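Q: Quick one: sequence plus predicted model below, questions after.
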Amino acid sequence: MIYSLVYVSSATALFLESELNDILATSRENNARSGISGMLLYKDGNLMQVLEGDESAVRVLYAKITADDRHHGHMVLWDGYASGRQFSDWSMAFRDLDRTDSVDTPGYSEFLNMPLTDSLFATNPTVSQRLLSTFRKSM
């Protein structure tokens, strides 16, 4: 069993592509050391991330993330145990959904044009799992 946590948040200011790449590089390095894998989605200043690994390591990382003043409005969509990792090959995968070439990506969905903090996610956590699974298959 592997612990998984899925959350959304909003950037305090839109990230530049270079900033997102820096976040990704740092996350990959740190998460590999901690045994954490996952995926980060970014669209219109909104972030959605899944973290998976040892529960204590994931909770420590999430506490660090919530203390980061580059984003706010954190909301956990789902947390619990799964039978295995969904993102075992990645210490952190990333997709910038604001890039115009995303429309041509296999698996792209208009579903992503809704705000990532929409109440649909709060009332139906399986929506977040479906969204992340779609991107795992298309990357």
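A: Looks like it came in fine. Fair warning: this is a prediction, and the values are worked out from it, not measured in the lab.
Q: Tell me where the model's unsure across this structure.
A: For the chain, the stretches with pLDDT under 70 are 89-139.
Q: Report all helices and strands that the longest helix that it contains contacts.
A: Ranked by residue count, the top helix of the chain under DSSP state H comes out as helix 17-34. Judged by 3 or more CB pairs under 8 Å, 6 or more residues apart in numbering; DSSP states H and E, helix 17-34 is in contact with strand 37-43, helix 55-67, strand 93-96. Any C-beta I mention is one placed from the backbone N, CA and C, and that applies to glycine too.
Q: What pairs with the helix or strand that comes right after the first one, parallel or antiparallel?
A: Tracing the chain C-terminally past strand 37-43 and defining elements by DSSP states H and E, one meets strand 46-53 next. Each strand that pairs with strand 46-53, with its direction, by DSSP bridges: strand 2-11 (antiparallel), strand 37-43 (antiparallel).
Q: Now distance to Met1 and mean neighbour count too, for the helices and strands packed on helix 17-34, in CSV please.
A: As requested, those are exported to CSV (distance: least, CB to CB, whole Å; neighbours: other CB atoms under 10 Å):
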stretch, distance to Met1, mean neighbour count
strand 37-43, 15, 22
helix 55-67, 10, 14
strand 93-96, 22, 19
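Q: Output those as CSV; include the columns distance to Ala25.
A: Shown next, in CSV, are the helices and strands packed on helix 17-34 (distance: least, CB to CB, whole Å):
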stretch, distance to Ala25
strand 37-43, 12
helix 55-67, 16
strand 93-96, 10
